[in-house]
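Participant: Predicted model and sequence below, questions to follow.
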Amino acid sequence: TERTLRWAWRRPAVAAASLLGLTLVTAIPLLLAAQNRAVQKERNVARSQYAETRAVLQEILGELNKDNAELTPEATRLADRQSQHAVNLFERLAEVDDTTQSHLELAKVLMQNATIKIVMGDYDSARVALDQAEAGFRQAAADAELRVASLEGLFQVSTKRAILLQNLQDWDAVDEQLASAEGHLLTLQTLTDGSDQTATRDRLRNKQFLYQAKGNRSLRQKDYSQAKKDYEQSLNALEGLRGMSAYGADEQRTAAGVRINLANTEMQLQELESSAANYRMALEDLETWAAQHAENPSGIEEWSAGIL
């Protein structure tokens, strides 16, 4: 208004300060809003890339876990590159998002990266990835909502580390990691509801993996009586999954592998009838699995006949 203009003319310094203050009051929220929009956009892009990369990485790990004879060194190196790309992406997501959830997801990808490094025999890199994953899971465990997922991650770190240490024949450290894994599994049992079917299936899968790892350790140490007990516990967990209608092709192939190790163990214990029975059941599982995957079971038959 004309009065305001005359006042500003008489007091130019005060008017300029008032105008600057008004500008800042208006501009700062606008700048903050624009910055928040930019950050949110970057988060959304990172999360979108994360979902795609995680899916690809899971597929790669699935192929590696099949122990396929056709898996070439080139394919393994490709898996390693994809895994490292995923780690870089999730590190960026954790920086941008900076939430406990994003750090938990980074820890999961580091676990997958460590798995591939172990397959490649790059034990030093695997050790580093496992240490970083453990730190991420422990950080996430402070969040009550993420405690179960974090403990599952710590369980996996301990079992993978035990496998790595077995390859290095550091048996005392192997025992320590397997005991740690068993402790995490017991804690998970106290935290999860027995009526939760998903949690029960996860516990059974973890139990199966733990006792298979323990059996492998006992077998390599030629403690055959303990190996037999461990492999039987692993098979009991698989039977639990069968009872829950959660027994698919992967579980069937795993059961065949455990039965073969159990049969080898029983052969060392001179339990020949039981050993032959377990070999036959393993062969039946492998034949069924091969038929479901449209593979030729004749090779499996020849291989198993040679063992029997």
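Facilitator: Perfect, thanks for sending it. Numbering: from 1, shown residues only.

Participant: okay, residue 196: pLDDT?
Facilitator: Per-residue confidence at residue 196 stands at 79 (pLDDT).

Participant: send the alpha carbons of stretch 108-117 over as CSV?
Facilitator: Below are the C-alpha coordinates for stretch 108-117, written out as CSV (Å, rounded to 0.1, in the frame of the first residue of the first chain):
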residue,chain,number,x,y,z
LYS,A,108,21.4,-60.0,3.6
VAL,A,109,23.1,-59.2,0.3
LEU,A,110,26.6,-59.3,2.0
MET,A,111,25.6,-62.8,3.1
GLN,A,112,24.8,-63.8,-0.4
ASN,A,113,28.1,-62.3,-1.6
ALA,A,114,30.0,-64.3,1.0
THR,A,115,28.2,-67.5,-0.2
ILE,A,116,29.5,-66.9,-3.8
LYS,A,117,33.0,-66.1,-2.5
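
Participant: Quick check: phi and psi on residue 141?
Facilitator: phi -60, psi -20 (degrees, to the nearest 10).

Participant: Please apply the same query to residue 244.
Facilitator: Here is the backbone geometry of residue 244 (degrees, to the nearest 10): phi -100, psi 10.

Participant: Need the pLDDT of it.
Facilitator: Here the pLDDT value assigned to residue 244 is 88.

Participant: I'd guessed residue 228 sits against residue 265; true?
Facilitator: Yes - judged on CB atoms under 8 Å, residue 228 makes contact with residue 265 at a distance of 5.0 Å. Glycine gets a C-beta too; all of them are placed from N, C-alpha and C.

Participant: anything in contact with each of these two?
Facilitator: Listed as contacting both residue 228 and residue 265 by CB atoms under 8 Å, 6 or more residues apart in numbering are residue 215.

Participant: Between these two, which is the more surrounded one?
Facilitator: residue 265 (27 against 21; other CB atoms under 10 Å).

Participant: Next one: the more buried one, what pLDDT does it get?
Facilitator: Confidence score, pLDDT, at residue 265: 94.

Participant: list the buried ones in the helix or strand containing it?
Facilitator: Here residue 265 sits within helix 249-268, counting by DSSP states H and E. For helix 249-268, burial by neighbour count (16 or more other CB atoms under 10 Å) applies to 251-256, 258-267.

Participant: Kindly provide the whole-number mean pLDDT of the strand or helix carrying residue 274.
Facilitator: According to DSSP H and E, residue 274 maps onto helix 272-292. Per-residue pLDDT over helix 272-292 has a mean of 85.

Participant: what packs against that helix?
Facilitator: Packing contacts for helix 272-292, counted by 3 or more CB pairs under 8 Å, 6 or more residues apart in numbering; DSSP states H and E, involve helix 249-268, helix 298-307.

Participant: Worst mean pLDDT among the ones you listed?
Facilitator: Among these, helix 298-307 carries the lowest mean pLDDT, a mean of 48.

Participant: does residue 222 count as helix, strand or coil?
Facilitator: Put simply, residue 222 is coil when judged by DSSP: H, G, I helix; E, B strand; the rest coil.
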